[in-house]
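Undergrad: Sequence unavailable; structure follows:
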């Protein structure tokens, strides 16, 4: 399966990394590299993570990393996985 990363996901992740870097740059780099590593593992077992809390669909999943939720959509027809959501402590992040 091909992995696609949305611009909105990249923007939110980069904003969070910048915020962490203000206090500890090394922790920010580690945080980002770990998230990228976890995302790259998704295609091996795309349904491993829980069904999303934000969408009532089997093809949208939540990857949890240190309390952050990375939301992705699996498309068997197109053979793609699109990572589009990044959130923590937001009530309705996709509205």
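TA: That came through fine. All values reported here derive from a predicted model rather than from experimental measurement.
Undergrad: Report the central residue of the chain.
TA: When the chain is reduced to its mean C-alpha position, the nearest residue by C-alpha atoms, centre = their mean turns out to be residue 70, at 2.5 Å.
Undergrad: What residues does that residue make contact with?
TA: By C-beta atoms under 8 Å, 6 or more residues apart in numbering, the contact set of residue 70 is 9, 35, 38, 39, 62, 63, 64, 83, 85, 86. No exception for glycine: its C-beta is placed from N, CA and C like everyone else's.
Undergrad: Helices along this protein, start to end?
TA: Assigned by DSSP state H, the chain shows helices spanning 7-23, 25-41.
Undergrad: In a markdown table: those, plus distance to residue 52.
TA: Shown next, in a markdown table, are those (distance: least, C-beta to C-beta, whole Å):
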| stretch | distance to residue 52 |
| --- | --- |
| helix 7-23 | 14 |
| helix 25-41 | 15 |
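Undergrad: can you redo those helices as JSON lines with distance to residue 58, mean neighbour count and mean pLDDT?
TA: Below are the helices of the chain laid out as JSON lines (distance: least, C-beta to C-beta, whole Å; neighbours: other C-beta atoms under 10 Å; pLDDT from 0 to 100):
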{"stretch": "helix 7-23", "distance to residue 58": "21", "mean neighbour count": "13", "mean pLDDT": "95"}
{"stretch": "helix 25-41", "distance to residue 58": "20", "mean neighbour count": "13", "mean pLDDT": "97"}
